[in-house]
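[1] Need the 3D shape of this:
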Amino acid sequence: MEQKSQIPVRTVVLTGALTALSVALRLLGWPQIGSTRYDLGFLPIAAIGRMFGPLWSGAAYAVADVIGTPMTGQAPFLPITGCKAIFGLIMGLFRYKKRIGLGRAALCMLAVTVVVDLAAMPLALAALMRKGAWVIFAERLTQAAVMFPVRAVGVWLMDRYLGRYMDRY
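    Residues are numbered from 1 along each chain as shown. Modelled structure (predicted):
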């Protein structure tokens with residue numbers, strides 16, 4: 001008889017709880033202005049990436065986007081959800097089972113900023129908003145400049161103070 005691999009219940013429950021926390025933090029963020037949004041919804045996704053890996057964090061951020069977008073009065077848009085999944089995937093690739101210092105946190109957030117915030121997201125938003133990608137890219141530069149240090153320091157602080165608890169999983 002073949003044994004099927006089972007996903008631990010703890011993994012599913014913690015991923016669901018952290019995904020819900022990500023949605024809540026998104027709702028508590030600044031309202032969306034044009035093509036930019038400032039929130040801390042990435043922190044629970046970073047924790048998922050640290051504990052369970054890139055596939056879990058990518059899937060969790062995509063689910064958080066699908067759940068959280070209608071709560072802000074908008075409709076989900078598949079290319080943006082894909083960008084969120086890539087964001088979570090990058091977080092998991094840099095962080096899975098690793099304690100990171102400020103330098104590695106900054107490198108992780110630089111990858112997210114370049115790949116997602118400045119490359120993929122302007123293309124997705126251009127299709128949604130019917131604007132030129134370069135116009136949206138210029139708007140996203142401000143968001144990238146503000147959120148890069150916030151994300152890097154936030155992930156580093158979370159690792160520093162909560163890392164030993166995340167190591168249990």
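
[2] going forward, measure contacts and count neighbours with C-alpha atoms only.
    Fine.

[3] what residue ranges in the protein score low on pLDDT?
    Residues of the chain that meet the criterion pLDDT under 70 lie in 1-4, 31-35.

[4] let's go with 90 and repeat that
    For the chain, the stretches with pLDDT under 90 are 1-7, 27-39, 72-76, 97-100, 127-136, 138-140, 142-143, 146, 163, 166-169.

[5] where along it do the helices fall?
    With DSSP state H as the criterion, the chain has helices at 9-27, 42-52, 54-71, 78-95, 102-112, 121-129, 133-166.

[6] okay, those helices in a markdown table with mean neighbour count next?
    Below are the helices of the chain laid out as a markdown table (neighbours: other C-alpha atoms under 10 Å):
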| stretch | mean neighbour count |
| --- | --- |
| helix 9-27 | 18 |
| helix 42-52 | 26 |
| helix 54-71 | 22 |
| helix 78-95 | 23 |
| helix 102-112 | 19 |
| helix 121-129 | 19 |
| helix 133-166 | 17 |
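
[7] Could you work out which of these reaches nearest to Thr36?
    Thr36 sits nearest to helix 133-166 of all the helices of the chain, at 6.3 Å, using C-alpha to C-alpha.
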